[in-house]
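Chemist: attaching a predicted model along with its sequence, questions to come.
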Amino acid sequence: MQDIEKLELELLESIGKASDMEALEALRISALGKKGSVSLMMRGLGQMDPTERQAIAPKLNKLKTTVSDAVDHAKASLNAAALNHKLAAERVDMTLPVRPEAMGRIHPISQVMDEITEIFADMGFDIAEGPDIDDDFHNFTALNIPPEHPARQMHDTFYLPEKEDGSRQLLRTHTSTVQIRTMQSKKPPHRIVVPGRTFRCDSDQTHTPMFHQIEGLVIDKTSHMGHLKGVLAEFCKAFFELDEVTMRFRPSYFPFTEPSAEMDIKCTFAGDHVKVGEGDDWLEILGCGMVNPRVLVHCGLDPNEYQGFAWGMGIDRIAMLKYGIPDLRAFFDADLRWLKHYGFVPLDVPTLGGGLSR
Ligand code: DAH
């Protein structure tokens, strides 16, 4: 009797002290294993007389259960402790700042496109898009540039290989193609801007074969040149983030507008830096005009009922101007150091309320 209680106390004490699974398993074997202390005692039951056995057997059974429960319990707490230890060791502090190098940058062209579309969206314009690969009709004919028209030569077009029917697709030379696609697919009124990639077979210090334009088109029954001027004046002030930008319209020629004009803004050249808005020089920034009635006819609209205005502007140059970027070609070099310097932080989305460029 005494022995049983003593053994129980001893075993429970050492089980409680076992510091790892191995020690615990050794203890379990030394008590409950074939030759373990508890098992040996149980084997002794056989030699006892029945009365003694009846008194001892339940005690031994209880000892066995107690010890085995204590081992299970100790196992569970060792496991829990191991897990907690692992969790603590693998803990990640989510509040630590992200390493700044790991963050990408928004390319100045994307930034400027976002800024421009934000300004026009605020004036109520929709954003429209069209394919980079287009056809003769949308790039030329529908825009009142028939075959053999001298304006076709000005465009240095990239053509795709001729098809069986003799036609050739092309890389659009301007975003004006989307004027046609919009007027053909929807009913007026139209009020759209079209940012996108354009292509011309031209490459030098100020030209790249791929460049970017944004087109504007307004078609309804009453819009006139005065509205065009108002829209562009508002745009210039918002884009250059100035209270006043002096601009002038010079008569020009585009087959798809009549009358046509080019718009210049006042500026000062100081070394390789340009200050926009004031000064004694002029900088040409876009072509515009009233949509030629022939273009409306090509799109199935009655020019006696509808009229409107359009403009087209190069994005790359005004991006260079606004952000003091000296070399056009660097835009397309994919140099990460350049992008880190001239690029924009992704979460600073341009808004008119929060500031376009900040
Ligand atoms: N498409 C012309 C170009 O690429 C730019 C242009 C001029 C677009 C006048 C227009 C416009 O919509 O009205 O040179």
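Modeler: Right, received. Where do you want to start?
Chemist: residue at max distance from the center of the protein?
Modeler: Distance from the C-alpha centroid of the chain peaks at residue 49, with 86.7 Å (CA atoms, centre = their mean).
Chemist: for residue 56, see how far away it is.
Modeler: 11 Å (CB to CB, to the nearest Å). In short, each C-beta sits where N, CA and C put it, glycine included.
Chemist: the residue of the stretch 101-250 of the chain found nearest the ligand: what secondary structure?
Modeler: Residue nearest to the ligand within the stretch 101-250 of the chain (CB to the nearest ligand atom): residue 174, separated by 3.4 Å. Assigned with DSSP: H, G, I helix; E, B strand; the rest coil, residue 174 falls in the coil class.
Chemist: now residue 20. Its backbone dihedrals?
Modeler: Residue 20 has phi and psi values of phi -150, psi 170 when expressed as degrees, to the nearest 10.
Chemist: correct me, but residue 16 touches residue 74?
Modeler: Yes: at 7.0 Å, residue 16 and residue 74 qualify as touching, with contact defined as CB atoms under 8 Å.
Chemist: tell me which of those two has more neighbours.
Modeler: Neighbours per residue, other CB atoms under 10 Å: of residue 16 and residue 74, the larger number sits with residue 74, 20 against 11.
Chemist: and the helix or strand that contains that one, average pLDDT?
Modeler: Element membership of residue 74 [criterion: DSSP states H and E] is helix 50-89. Throughout helix 50-89, pLDDT has a mean value of 91.
Chemist: repeat that for stretch 33-44.
Modeler: 89.
Chemist: OK, contacts around residue 126?
Modeler: Residue 126 makes contacts with 191-193, as judged by CB atoms under 8 Å, 6 or more residues apart in numbering.
Chemist: about what we covered before: in the helix holding residue 74, what counts as buried?
Modeler: 56, 60, 63-64, 67, 70-71, 74-75, 78 (16 or more other CB atoms under 10 Å).
Chemist: nearest to residue 286 among those?
Modeler: Using CB to CB, residue 78 is the member of those that lies nearest residue 286, at 75.9 Å.
Chemist: may I have the residues that are in contact with that closest one?
Modeler: 18, 20-21, 24.
Chemist: what's the most distant pair in these?
Modeler: Counting by CB to CB, the most remote pair of the contacts of residue 78 is 18 and 21, 8.3 Å apart.
Chemist: the more surrounded of those two?
Modeler: Between residue 18 and residue 21, residue 18 has the larger neighbour count (other CB under 10 Å), namely 19 against 13.
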